[in-house]
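Trainee: Sequence first, predicted model second:
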Amino acid sequence: MSQREAGAADWRAVHAMAPGEEGIPILRRAVEDVLVPLGVNVLMLEVNYGFEYRSHPELRGGRPLRHDTCQEFAAFCRERSIRLIPQFMCLGHQSWAKNTHPLLTHYPELDETPHIPADNPDIYCRSWCPLHPDVNGIVLALIDELIDAFEADAFHVGMDEVFLIADDGCPRCQGRDPAELFATAVNDYHRHVVGERGLELLMWGDRLLDAATMGYGEWESSEDGTAPAIDLIPNDIVICDWHYEPGDDYPSVRYFQEKGFRVLPGCWRNAEAAQALFECADRDATDRMLGRLCTTWAGADDLSRALLGEQPEPSAQVMEAAATLRLCMETP
């Protein structure tokens, strides 16, 4: 028997990548015809640079969403009792493969690793420098625009899989404690989003977990010294604790709750792993357990086609994520 209070309102959450303007109509249909009947009540939409930013138009990515489109879609979700939470990937994930994202393309001086060649050899993703005096002024302006466009009451700052931090090539961060640097970034975003804007803050939890203690490995936990940051940040942050492989136990589910954080465990496309994770979450739940999150790592338009059974059929990976989402939301 878990310690979770009877009758507590579970988060039944889905995470997807924001589509372009052309993807909003099918996303609306998927919300109406699939997500609402499944009982989904939270939609995390990862926007990143896919927005028509006004404060920094140079940072608009391809297929940017318009302000009025976001406002209308957020209202559409609210009318269906779905809380829409925008996300901007902060600190890490500032490149993918050989392509660097707009912030570090236009402002290379903000790069944590400026010495790495432009085609990003031998790294996973670039990071921005959390100590650069100009970075927060730019990033927080982008966050404010997303908060306003979606009329949001919560914001997700990402921060998963940050591998480049306290790099010896950064004149500000070299020799610094990675945990203190990571906590500095978290606290900066918390101060703005929670303290100044009055919203709830969400983040991924992997960098707050010690791989040696948790036994998850370098992706779902940290081998880079960031884990002690958990004791340096406010525990009113909602931790999205993602795990994508089958296991007998997921000790981080208990750990985050013991540290005073509310936790939202997250699965992906492996149905066996999802079932194991949520069984563990139910078993170890306290009143800090929020519910369940299905990540999809798909464009919301592709995900919508998978959920609606429409052509062109998305990739096998997206189809698996959609099937696991259905299974998890249909399972009590």
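Mentor: Okay, I see it. Numbers count the residues shown, from 1 in each chain.
Trainee: quick one: contacts for the residue nearest to the spatial centre of the chain?
Mentor: The residue lying closest to the centre of the chain (C-alpha atoms, centre = their mean) is residue 158, at 3.9 Å. Residues counted as contacts of residue 158 (C-beta atoms under 8 Å, 6 or more residues apart in numbering) are 46, 87-93, 203-204. Just so you know, the C-beta spots here come from the backbone N, C-alpha and C atoms, and that holds for glycine as well.
Trainee: what's the first-to-last distance across stretch 254-266?
Mentor: Length of stretch 254-266, first residue to last, C-alpha to C-alpha, to the nearest Å: 14 Å.
Trainee: which residues does residue 315 contact?
Mentor: residue 302.
Trainee: Make 787 the first number, not 1, from now on.
Mentor: That works, and once the first residue is 787, the last one we named lands at residue 1101.
Trainee: Next, count neighbours for residue 884.
Mentor: 10 (other C-beta atoms under 10 Å).
Trainee: Next one: it from residue 1019, what distance?
Mentor: Residue 884 sits 33 Å away from residue 1019, going by C-beta to C-beta, to the nearest Å.
Trainee: swap in residue 986?
Mentor: 14 Å.
Trainee: Then residue 892?
Mentor: 29 Å.
Trainee: okay, the two: which has more neighbours?
Mentor: residue 1019 (23 against 13).
Trainee: SS state for that one?
Mentor: Three-state call for residue 1019 (DSSP: H, G, I helix; E, B strand; the rest coil): coil.
Trainee: so how far is the first residue of stretch 972-990 from its last?
Mentor: So stretch 972-990: terminal residues 11 Å apart, C-alpha to C-alpha.
Trainee: And the contacts of it?
Mentor: Here stretch 972-990 has contacts from 830, 871, 873, 876, 916, 922, 926, 929-930, 933, 938-947, 1015, 1018-1020, 1022-1026, 1028, 1050, using C-beta under 8 Å, 6+ apart.
Trainee: Filter the residues you listed down to just the ones in strands.
Mentor: Members of these lying in strands (criterion: DSSP state E): 830, 871, 873, 940-942, 1024-1026, 1028, 1050.
Trainee: okay, those residues in CSV with neighbour count, distance to residue 1062 and pLDDT next?
Mentor: Formatted as CSV, the ones in strands among the contacts of stretch 972-990 follow (neighbours: other C-beta atoms under 10 Å; distance: C-beta to C-beta, whole Å; pLDDT from 0 to 100):
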residue, neighbour count, distance to residue 1062, pLDDT
830, 25, 22, 99
871, 24, 26, 99
873, 25, 26, 99
940, 20, 28, 99
941, 25, 30, 99
942, 25, 24, 99
1024, 21, 22, 99
1025, 29, 19, 99
1026, 26, 18, 99
1028, 21, 13, 99
1050, 24, 17, 99
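Trainee: Among these, which one lies nearest to residue 804?
Mentor: Of all these, residue 873 has the smallest distance to residue 804: 8.5 Å, by C-beta to C-beta.
Trainee: And for residue 913, the neighbour number?
Mentor: 29.
Trainee: Isn't residue 1013 up against residue 992?
Mentor: No - here residue 1013 lies out of contact with residue 992, judged by C-beta atoms under 8 Å, at a distance of 9.5 Å.
Trainee: Quickly list what's touching both of the two.
Mentor: With C-beta under 8 Å, 6+ apart as the test, residue 1013 and residue 992 both reach residue 1007.
Trainee: of those two, who's got more company?
Mentor: Neighbour totals were compared for residue 1013 and residue 992, and residue 992 leads with 27 against 22 (other C-beta under 10 Å).
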